[in-house]
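Q: quick one, fold the following:
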Amino acid sequence: MSRSLGISVKLLHEATGHIVTVELKNGELYRGSMVECEDNWNCQLKNITFTAKDKGSALGVGRGRAVAMRARAQAAGRGGPPGRGVVPPVRR
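A: Numbering: from 1, shown residues only. Sure thing, here's the model as predicted:
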C-alpha cells in the first residue's frame, strides 16, 4: 500500500532552508530559518525570534497594499475609535 503525502506536507518540506513563521496552538510565534521538518510536522528552526502570546493583540496578519493603506490611515489619525460628536456605527 503506497502512502502519498498531502499538499500541505509537501509545502512544508519545500520551506526547508527558508525563513518561516510558526504559530503554535497556544498563540506563541516562532520565526526563523527552517533547518529540517518531518512528515508529522516536527520542525527544527535556527536563528529564531520568539513572540509570546500576550503580544498577539499588537500583531496583525496581512499582505500587500491593503495593509500599507491601513497603516497610513491609522498614522493619519483615521481608523481609530470615534471621538466626541461622531455617531457610532450601527451594529446588527
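Q: can you map out the strands along the chain?
A: Remark: strands assigned in the chain by DSSP state E are 19-23, 29-37, 43-51.
Q: any idea how far the nearest residue to residue 49 once chain neighbours are set aside is from residue 14?
A: Take residue 49 and drop its neighbours on the chain: the residue closest to it by Cβ to Cβ, 6 or more residues apart in numbering is residue 31, 4.7 Å away. For every residue, glycine as well, the C-beta is placed using N, CA and C. Plainly put, residue 31 is 18 Å away from residue 14 if you go by Cβ to Cβ, to the nearest Å.
Q: show me which of these two is the more surrounded one.
A: Per other Cβ atoms under 10 Å, whichever of residue 31 and residue 14 has more neighbours is residue 31, with 15 against 11.
Q: surely that one touches residue 21?
A: Yes: counting by Cβ atoms under 8 Å, residue 31 sits close enough to residue 21 to count as a contact (4.6 Å).
Q: need the overlap of contacts for the two.
A: With contacts taken as Cβ atoms under 8 Å, 6 or more residues apart in numbering, residue 31 and residue 21 have no neighbour in common.
Q: tell me which of the strands of the chain sits nearest to residue 8.
A: Closest to residue 8 of these, according to Cβ to Cβ: strand 29-37, at 11.4 Å.
Q: who does the nearest residue to residue 23 once chain neighbours are set aside bridge with?
A: In space, and not counting its chain neighbours, residue 23 is closest to residue 29: 5.3 Å by Cβ to Cβ, 6+ apart. Residues found in beta-bridge contact with residue 29 (criterion: DSSP bridges) are residue 23, residue 51.
Q: I'd guessed residue 29 sits against residue 45; true?
A: No: between residue 29 and residue 45 no contact is recorded; they are 11.5 Å apart, counting by Cβ under 8 Å.
Q: thanks a lot, catch you later.
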